[in-house]
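*Asks:* Could you look at this predicted model? Sequence included:
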Amino acid sequence: MNSCACAAYCARDRSAGARAQSPGVPVPSLEIQKGETILAKPVRKPEPRKLISAPARKTDVLPVLTGPSLFESADKIADDSLPKIQTDLGDCTRCKLHKGRNKIVFGDGNPKAELVFVGEGPGADEDAQGLPFVGRAGKLLTQMIEAMGLQRKDVYICNVVKCRPPENRLPEKDEVATCSPFLLRQIDAIAPKVIVCLGSVAVQTLLETHRGVSQFRGQWLEFRGRKLLATYHPAYLLRNPNAKGEVWKDLQKVMAVLGLEVKKGKSS
Ligand code: URA
């Protein structure tokens, strides 16, 4: 059984997940179902959408950080590649997370993917296998990807931190600061059309904000000239299945940008 590292923040967002699903939007069941047909297929690519920035809200207690962004100003490394990044990461001991890990979870999938999913950090199953999102939350993520008409091998999946935080706690600031440059290089090297942040840690890291995912969810944002969309973490969906409808709407936005069409949906 997977113990996901995002347990703490998932609990924080629990109230947001109870919203009703729109009856007009068919929601595919994200449970494993034998013989389930994939109902999406690639179609003509639509016009690119305008990027919309997250509106600032007066009520926000924790504002988006101001000042120059570490990531925006970070130069791209010429001819960077995933193997080079993995070599540079090596048998990493840069932060304290290395002490408790079994395997580094670098990332997995298509090195030329148009779609990158960014999670938080490995859980127990990922730590054991060295692969991202292979536990319970990972199975749900796989179903989400398949509901989009894709397979795991079509996309790239990685995390903010590459080693499992002890007791599945949230990654700490210094750990994120140490590890996230590798994530940034991964994103630059893959050069996806769309980045989907799964949960608060991913969106907080890439957008350098303290706001939670529910404040960004479903909005098109920008990260280093790429489209970024944040949605709930699959582990949150395991606790709050009612929020699947919202995530499905978010994924449909991603599908539209990627030229994937849902032919027929299935209500869950
Ligand atoms: N949760 C994450 O954020 N990442 C994983 O790889 C697995 C669970």
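*Replies:* Cool, got the structure. Predicted, not measured: the structure shown is a model, and the values here were computed from it.
*Asks:* Specify the beta-bridge partners of whatever residue of the stretch 151-268 of the chain ends up closest to the ligand.
*Replies:* Per CB to the nearest ligand atom, residue 159 is where the stretch 151-268 of the chain lies closest to the ligand, at 4.8 Å. Every residue, glycine included, has its C-beta placed from N, CA and C. Beta-bridge partners for residue 159, by DSSP bridges, are residue 119.
*Asks:* Numbering from 33 from now on, please.
*Replies:* Renumbered: residue one is now 33, and that last one reads residue 191.
*Asks:* The ligand contacts on this structure?
*Replies:* Proximity of the chain to the ligand (CB under 6 Å from any ligand atom) is limited to residues 36-38, 137, 151-155, 158, 164-165, 169-170, 191, 267.
*Asks:* how about the residue in the stretch 33-182 of the chain positioned nearest to the ligand, what does it touch?
*Replies:* Across the stretch 33-182 of the chain, the shortest distance to the ligand (CB to the nearest ligand atom) belongs to residue 151, at 2.9 Å. The contact partners of residue 151, by CB atoms under 8 Å, 6 or more residues apart in numbering, come to 38, 164-165, 173, 189-192, 230-231, 234, 265.
*Asks:* what do you get if the cut-off is 7 Å, keeping everything else the same?
*Replies:* Counting by CB atoms under 7 Å, 6 or more residues apart in numbering, residue 151 touches 164-165, 191, 230-231, 234, 265.
*Asks:* If you count contacts, what does the longest helix seen in the chain end up packed against?
*Replies:* When the chain is parsed with DSSP state H, its longest helix is helix 205-222. In terms of contacts (3 or more CB pairs under 7 Å, 6 or more residues apart in numbering; DSSP states H and E), helix 205-222 is packed against helix 114-121, strand 147-151, strand 188-191.
*Asks:* Minimum distance to residue 259: which of these has it?
*Replies:* When the helices and strands packed on helix 205-222 are compared by CB to CB, strand 147-151 sits nearest residue 259, at 10.0 Å.
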